[in-house]
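> Provided below for reference: sequence and predicted model.
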Amino acid sequence: MASTSKKRSNAKKERRPKRKVCNFCADKQPDINYKDVARLRKYISERGKILPRRISGNCASHQRGLTVAVKRARVIAFLPFVAE
C-alpha cells in the first residue's frame, strides 16, 4: 500500500504545465510592427529585458521577429533600454 501512495506523489511532481499558445499565431497577424508599442510592452519585463520564449509562449519565428521589433523600437526611442 505504501508503494501506491509513493507513485502518486511522484506523478504529481512530474506534471508539466500546459504549453502556451503563441499569441501572434493565434491572432494570425501578418507581421510584428515595431511601432505597436502597446503590444511590444507585454513582452518586456519591468527591468526592460525581453521575455524569453519559454515565458512568453511565442513560437520561435515570432520570438525572433519580436526581438528585432523591440530592438528597433528601442533605437528609435519608442521603448526604453532600461527601467527608470
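Cool, the structure landed.

> tell me the helix or strand right after the helix-or-strand element of the chain with minimal mean pLDDT.
Within the chain, no helix or strand scores below helix 2-13, which has a mean of 61 by mean pLDDT, DSSP states H and E. Per DSSP states H and E, the first helix or strand lying C-terminal to helix 2-13 is helix 23-27.

> list the helices and strands that next one packs on?
Here helix 23-27 touches helix 60-75, going by 3 or more C-beta pairs under 8 Å, 6 or more residues apart in numbering; DSSP states H and E. (C-beta placed from N, C-alpha, C; glycine too.)

> against which helices or strands is the helix it packs on packed?
The helices and strands touching helix 60-75, judged by 3+ C-beta pairs under 8 Å, 6+ apart, are helix 23-27, helix 37-41, helix 53-56.

> tell me the contacts of the residue nearest in space to the middle of the chain?
Compute the mean C-alpha point of the chain, and by C-alpha atoms, centre = their mean the closest residue is S56, 1.2 Å away. The contact partners of S56, taken as C-beta atoms under 8 Å, 6 or more residues apart in numbering, are 20, 43, 63, 66.

> of all these, which comes closest to P30?
Comparing these against P30 with C-beta to C-beta places L66 closest, at 14.2 Å.

> now do the contacts for the closest one.
Each residue near L66 by C-beta under 8 Å, 6+ apart is listed here: 24, 32, 40, 43, 50, 56, 58.

> what's the farthest-apart pair in these?
F24 and I50 (14.6 Å).
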